[in-house]
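Asks: No letters, just coordinates:
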């Protein structure tokens with residue numbers, strides 16, 4: 001999870017043993033009252049050091065929060081408001097891209113966790129722009145602990 005001044009952005013993959021996956025991207029800021037939830041589900045396959053993601057459905061949603069965030073609130077207060085889900089305001093279609101990534105898994109001391117490293121040279125809908133080394137990094141979470149609060153029933 002990445003907290004920034006004024007809110008946070010979190011991207012998360014969940015890979016299941018049956019070959020299905022879920023991708024979630026949440027953005028919340030105290031500079032606006034709308035919280036964004038983008039997600040997709042589909043299948044994945046691994047062939048050597050290549051991971052292929054094949055989405056089958058997904059959506060982009062806007063949600064209201066419980067309470068109002070502002071520069072006048074404490075950081076802790078804004079964070080707790082940003083973690084709430086009130087009402088779904090809007091749903092739009094999501095561009096679904098089949099993408100093959102060269103990947104590796106490494107233990108990174110900075111995260112104190114195994115980390116999935118997806119390499120790509122171009123921006124993708126789900127991963128955005130690649131990092132400084134054309135890679136995106138996803139730290140492994142403990143089973144049952146995602147560090148990400150999602151809407152009830154999601």
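Replies: Noted; the coordinates are in hand. A quick note: this is a predicted structure, and the numbers were derived from the prediction, not measured.
Asks: Can you report how many residues lie near residue 138?
Replies: 19 (other CB atoms under 10 Å). Using the backbone N, CA and C atoms, a C-beta is placed for each residue, glycine as well.
Asks: helix, strand or coil for the nearest residue to it once chain neighbours are set aside?
Replies: Leaving aside its sequence neighbours, residue 138 sits nearest to residue 116 (CB to CB, 6 or more residues apart in numbering; 4.4 Å). Under DSSP: H, G, I helix; E, B strand; the rest coil, residue 116 falls in the strand class.
Asks: Settle this for me: residue 116 is touching residue 127, isn't it.
Replies: No. With contact defined as CB atoms under 8 Å, residue 116 does not reach residue 127; the gap is 11.2 Å.
Asks: ok, and the closest non-adjacent residue to residue 103?
Replies: residue 51 (4.6 Å).
Asks: Against residue 118, how distant is that neighbour?
Replies: Noted for residue 51: a distance of 7 Å to residue 118, by CB to CB, to the nearest Å.
Asks: Under the pLDDT cut-off, which ranges of the protein? List them.
Replies: 1-5, 142-147 (pLDDT under 70).
Asks: give me the number of residues near the residue nearest to residue 103?
Replies: Neighbours of residue 51 (other CB under 10 Å): 21.
Asks: Is it bridged to anything, and to what?
Replies: residue 46, residue 101 (DSSP bridges).
Asks: got a list of what the most centrally placed residue in the chain touches?
Replies: Nearest to the mean C-alpha position of the chain, counting by CA atoms, centre = their mean, stands residue 11 at 1.8 Å. The neighbourhood of residue 11, defined by CB atoms under 8 Å, 6 or more residues apart in numbering, consists of 23-25, 126-128, 136, 138.
Asks: What's the PyMOL syntax to select whichever of the residues you listed are buried?
Replies: Those of these that count as buried under 16 or more other CB atoms under 10 Å are selected in PyMOL with:
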select buried, resi 23+24+25+126+127+136+138
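Asks: of all the contacts of residue 11, which comes closest to residue 93?
Replies: residue 126 (14.3 Å; CB to CB).
Asks: Specify the local secondary structure of the nearest residue to that closest one once chain neighbours are set aside.
Replies: Spatially, and ignoring its direct neighbours in sequence, residue 126 is nearest to residue 23 (5.1 Å; CB to CB, 6+ apart). With three-state DSSP as the basis, residue 23 sits in strand.
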